[in-house]
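Colleague: Sequence and predicted model, in that order:
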Amino acid sequence: MGELESFHSRKLGWIRFRPDQVIEFVEGLLGFPELRRYVLIDHRKGVFMWLQSLEDPSIAFLVVDPWVFFPHYSPEVPDEEVEALELQEPYNFSLFCLVTVPADPRKMTVNLRGPVVVNLKNRRAKQVVVSSPEYPIRQPVFPEGGDEGPGEGEPGGEGE
C-alpha cells in the first residue's frame, strides 16, 4: 500500500495520498506541458473529483466521469494513444473529463473532445484528442434554461 504522503494544495488545503495513487502523465495536460504528476481527490460530495498537480499547488482541475451526465458517450481512443499509455487489454483504463464551472453553475460544461485516459495498471495518463465532431470542447451539462445545477457552494473548476 505505501505510507501516506501529504501535499498542500492552494484550492483544497492539505491532502493525503498513497504513492500508488499518483498518476503520471506521459505528456502534460493541454496548456500545462511541464506538469506531469497528479493525484485524484474526491470532491466533498457528488460525482466530481479534483485532479491536483503535485508539482504546482495552485493547479487543480475539476473532473468528472463523463458517463454520469452523458451515458451514450463513446469516444474512440486513437491507436497511438493506446500505445503511449501501454494499454494491453480492454477495460484496464479509466476515463474522465475536465469540467468548467462559470459564475452561473447552471452553465457548467464538460470537455468531451479532450478526455483524460488513465491506465489503471501502470498509472500512466494522457489527455487525448477525440476526432469525432459530435464531442465538443464545451458540452453543456444541463439543458438550456434548466434549473438543475450544483447546490449553493459548489466549487468552480478551471482549465480545459
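Modeller: Structure's in. What do you need?
Colleague: Show me what the residue positioned nearest the centre of the chain bridges to in the sheet.
Modeller: The centroid of the chain falls nearest to residue 63 when counting by CA atoms, centre = their mean (3.7 Å). Assessed by DSSP bridges, residue 63 has beta-bridge partners residue 49, residue 98.
Colleague: who are the neighbours in contact with it?
Modeller: 40, 48, 49, 50, 51, 96, 97, 98, 99, 116, 157 (CB atoms under 8 Å, 6 or more residues apart in numbering). C-beta: built from backbone N, CA, C; applies to glycine.
Colleague: Likewise for residue 122?
Modeller: Residues counted as contacts of residue 122 (CB under 8 Å, 6+ apart) are residue 86.
Colleague: which parts of stretch 6-22 are buried?
Modeller: By 16 or more other CB atoms under 10 Å, the buried positions in stretch 6-22 come out as 7, 9, 11, 12, 15, 17, 22.
Colleague: hang on, residue 142 packs against residue 104?
Modeller: No: in this structure, residue 142 is not within contact of residue 104 by CB atoms under 8 Å, at 10.4 Å.
Colleague: Counting neighbours, go ahead and name the busier of those two.
Modeller: Remark: of residue 142 and residue 104, residue 142 carries more neighbours, 16 against 8, as counted by other CB atoms under 10 Å.
Colleague: now the residue lying closest to residue 120 once chain neighbours are set aside: how far from residue 109?
Modeller: Nearest residue to residue 120 in three dimensions, chain neighbours excluded: residue 92, at 5.3 Å (CB to CB, 6 or more residues apart in numbering). Using CB to CB, to the nearest Å, residue 92 is found at 29 Å from residue 109.
Colleague: Least confident secondary structure element in this protein?
Modeller: Lowest mean confidence among the helices and strands of the chain (mean pLDDT, DSSP states H and E): helix 79-84, at a mean of 89.
Colleague: of the buried residues of stretch 6-22, closest to residue 44?
Modeller: residue 12 (9.8 Å; CB to CB).
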